[in-house]
Structures are given as structure tokens and as C-alpha cells.
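Visitor: Just a sequence and a predicted model for now, questions to come.
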Amino acid sequence: MSTSDASVRLDLTRRGRRLRRSPAIRSIVRETRLSPENFIYPLFVCEGSGVRREVGSMPGVYNLSVDEAVKEAVAARADGVPGVLLFGLPAYKDEIGSSAYDAEAPVQAATRAIKEADAGILVVTDVCLCEYTSHGHCGLVVDGEIRNDESVELLVKTAVSHAEAGADIVAPSDMMDGRVGAIRHALDDRGFEQVAIMSYAAKYCSAFYGPFRDAADSAPKFGDRRTHQMDPANVEEALREVAEDIEEGADIVMVKPALPYLDVITRVKAEFGFPTAAYNVSGEYSMLKAAAERGWIDGPRAMMEALTGIRRAGADIIITYFAREAARLLR
Ligand code: PBG
């Protein structure tokens, strides 16, 4: 067929391509903007000094001793990332997760050190027991069952110890019932009414946490997390979880993971209008890294597309291991 064949008659008053012709025109009609200010950068803090040990399943992510964690947080701030989320690899683990509320443990020590650096870095701490218990569960186990109310007591102690170390925001990730309210009361009773709570409100029982459990050495030694983390099939339940956490005093609510749950992010943001965070978890990170390493996808482009999608879905805050890499591309 000839290209000058006039048998096809197009009558176009609308031409979408007019607004896609150049970088400048695409830029003035762009609906979603990513900024380093949207990111929170997770760090895994371990014992010792001068330690910078790459996590096997997470290229570019390290276990860092306190001194190195401070350097990494300061560098992230220089890249434009406002805050870090701290996880701990403690020196010891026991049945009751004592190292979670030990004032000298890595998260507490790193919190103090980052705050002392006085670089305007927001410190968010992960409040959970799974990195600190010998059995790897997020709470207290009695007769093979993860007990809710007793676990909340330990989570409260953990959150208070983070606040005492200087945390700006505590982030309970355990999914025990009632922990947000209990933490709020305990913080207020001790004069920490200015410490905010970012609750992992809709946290799903996900296969995408695999590499994290390698990074934080927190895989459960028996069983799984299905009795407290949410069923991936549910979204109405996510809205109830978020509503309860807001009722109990959560300042920021989180959906986790991010990419398989974009609809949940959209609904949470639309229905509550609260500051909404999405956790672009370890598996989401490692999949892109692994595919890019094999040359199967363009790593930086896939990273930006994924992060933009999370923002477009409605997340105000993205917790991501890509924070520094993406921030540097955005400047
Ligand atoms: C602790 C916690 C987990 C993650 C954040 N906090 C692991 C889990 O629930 O097993 C996962 C983060 C990630 O995969 O990047 N409960």
C-alpha cells in the first residue's frame, strides 16, 4: 500500500501527541513530580565501627556500624533526602527481644549519633521485635502463638527507648492490634508528645520481604506472619486498619509493599487524606537490581518509573532503598 493512499480519512481535532513533542512540552504537562524530598532512606545498623558490609541479596545496600550509618545519613541529606529509617542488627537476641529496648543497641546509638551530627536529618525508627527475638517473630511467643497484648508492652518499651534516644518519628511495623494507641499514650506520659507515629497500617504478608530478612537477619525460625500481617487479597480490611490506626493517633499511615498494592495506596489517600507513605520494599528493589545486572531492563529508567508510579498512586512519602540513587538522578 502506498503511503500517499488517501483512502484513510482522519478527522482529528484532538491530537494527544501535540503535548508529547519535546522534553519541554512534556515537562509543562507532567502530572506527577518526583522529588528527593519525597524519600525516606532505610539503613541497617549493626555493631562495631568502620563496618560497611554489602547485603548479598541487595546490591548497593549495606549493614553499617553507627559511625558509617551517620556518614550515610549525612550523604543522603546532601543528596536532598530528608530522612532515614533505622533498622537494627543487635549483638544478641533472646526470647523477649531485649535488645530492641536496650539504650545501647545499634538503633538507639545511631539515633543519638545522627541527631548529634545536627545536619537536619529526620530520624525514623522501625519498631518491631523480629530483628531482636531468637525465634524471629514480631512479638512474644507463648505455646507457639504470637501473643498480642504482651507483645504490645514490649513494643511500647521499644518505641519509648527510641524516643529517649531522640527519634523524630517512631514507626511500628509489627501489626499487633492496639499498638499505635498504646505507644501514643506511653510517649505522651513521658513528655514525648512531639514524637510522631508513622504506622505500618496496612502491612501485607508478602513474599517481597525476602531480601530484607537476609539484610536484617529476621526470618522467622518457624511458621510465618500470616496471623498478624494482612492477606494480600484484601483492600476493605486495609481501610479498616488505617481507620483504626488514625483513631489511635497515627500521624502518617503506610501501605506496604508498594508496587503490588498501588490500588490500596490510592484508596487510603483518597478516603483519609492523611500523609500517606508507601514502602517500596526489599524484593521490589532487588528484582529491579537483578534484572538490570543481567541487562534485561534499563535499571535507572525502571527505578524512576516504579517510583513515579508509587507517587502517581497517591503516596506522599516513599520509603525506598533507591532514595540516594534516585535523588542523584533528579538533581
Ligand atoms: C519488620 C519489618 C520487615 C520489613 C520492614 N519492617 C520485615 C517483615 O515484616 O518480615 C520489610 C522491609 C523490606 O522488605 O524492605 N517487621
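Guide: Here it is on my side, so go on.

Visitor: any idea how far the helix or strand encompassing residue 41 is from the chain center?
Guide: Here residue 41 sits within strand 39-46, counting by DSSP states H and E. Relative to its parent chain, strand 39-46 has a centroid offset of 9 Å by Cα atoms, centre = their mean, to the nearest Å.

Visitor: Let me know the average pLDDT across it.
Guide: Strand 39-46 carries an average pLDDT of 98.

Visitor: Pull the contacting residues for the closest residue to the ligand within the stretch 101-250 of the chain.
Guide: Of the stretch 101-250 of the chain, the residue with the smallest distance to the ligand, taken as Cβ to the nearest ligand atom, is residue 212 at 3.1 Å. C-betas here are computed from N, CA, C, even on glycine. Counting by Cβ atoms under 8 Å, 6 or more residues apart in numbering, residue 212 touches 218, 281, 282, 283.

Visitor: Secondary structure and distance to residue 251 added to those, as JSON lines?
Guide: Output for the contacts of residue 212, formatted as JSON lines (DSSP: H, G, I helix; E, B strand; the rest coil; distance: Cβ to Cβ, whole Å):
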{"residue": "218", "secondary structure": "coil", "distance to residue 251": "25"}
{"residue": "281", "secondary structure": "coil", "distance to residue 251": "22"}
{"residue": "282", "secondary structure": "helix", "distance to residue 251": "25"}
{"residue": "283", "secondary structure": "helix", "distance to residue 251": "27"}
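
Visitor: Let me have these in CSV, extended by pLDDT, neighbour count and distance to residue 259.
Guide: Shown next, in CSV, are these (pLDDT from 0 to 100; neighbours: other Cβ atoms under 10 Å; distance: Cβ to Cβ, whole Å):
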residue, pLDDT, neighbour count, distance to residue 259
218, 87, 22, 22
281, 98, 25, 9
282, 98, 25, 12
283, 98, 20, 9
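
Visitor: picking up where we left off before, the strand holding residue 41: partners in the sheet, and parallel or antiparallel?
Guide: strand 58-65 (parallel), strand 83-88 (parallel), strand 317-320 (parallel) (DSSP bridges).

Visitor: Surely residue 76 and residue 70 touch.
Guide: No - if you go by Cβ atoms under 8 Å, residue 76 and residue 70 don't touch, sitting 10.8 Å apart.

Visitor: averaged over its residues, what pLDDT does the helix or strand hosting residue 198 have?
Guide: Per DSSP H and E: residue 198 is located in strand 196-203. The average pLDDT within strand 196-203 is 97.

Visitor: Same question for stretch 305-314.
Guide: Averaging pLDDT residue by residue across stretch 305-314 gives 98.

Visitor: Going forward, count from 445.
Guide: From this message on, residue numbering opens at 445, which makes the last subject stretch 749-758.

Visitor: buried residues in that stretch?
Guide: Buried positions in stretch 749-758, judged by neighbour count with 16 or more other Cβ atoms under 10 Å: 750, 751, 752, 753, 754, 755, 757, 758.

Visitor: Return the alpha-carbon coordinates of that stretch using PDB.
Guide: Provided in PDB are the C-alpha atoms of stretch 749-758 (Å, rounded to 0.1, in the frame of the first residue of the first chain):
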ATOM      1  CA  GLU A 749       9.200   4.500  36.500                       C
ATOM      2  CA  ALA A 750       8.400   2.500  39.600                       C
ATOM      3  CA  LEU A 751       8.900   5.400  42.000                       C
ATOM      4  CA  THR A 752       6.800   7.700  39.800                       C
ATOM      5  CA  GLY A 753       4.000   5.000  39.700                       C
ATOM      6  CA  ILE A 754       4.000   4.900  43.500                       C
ATOM      7  CA  ARG A 755       3.700   8.700  43.700                       C
ATOM      8  CA  ARG A 756       1.000   8.800  41.000                       C
ATOM      9  CA  ALA A 757      -1.000   6.300  43.000                       C
ATOM     10  CA  GLY A 758      -1.100   8.800  45.800                       C
END
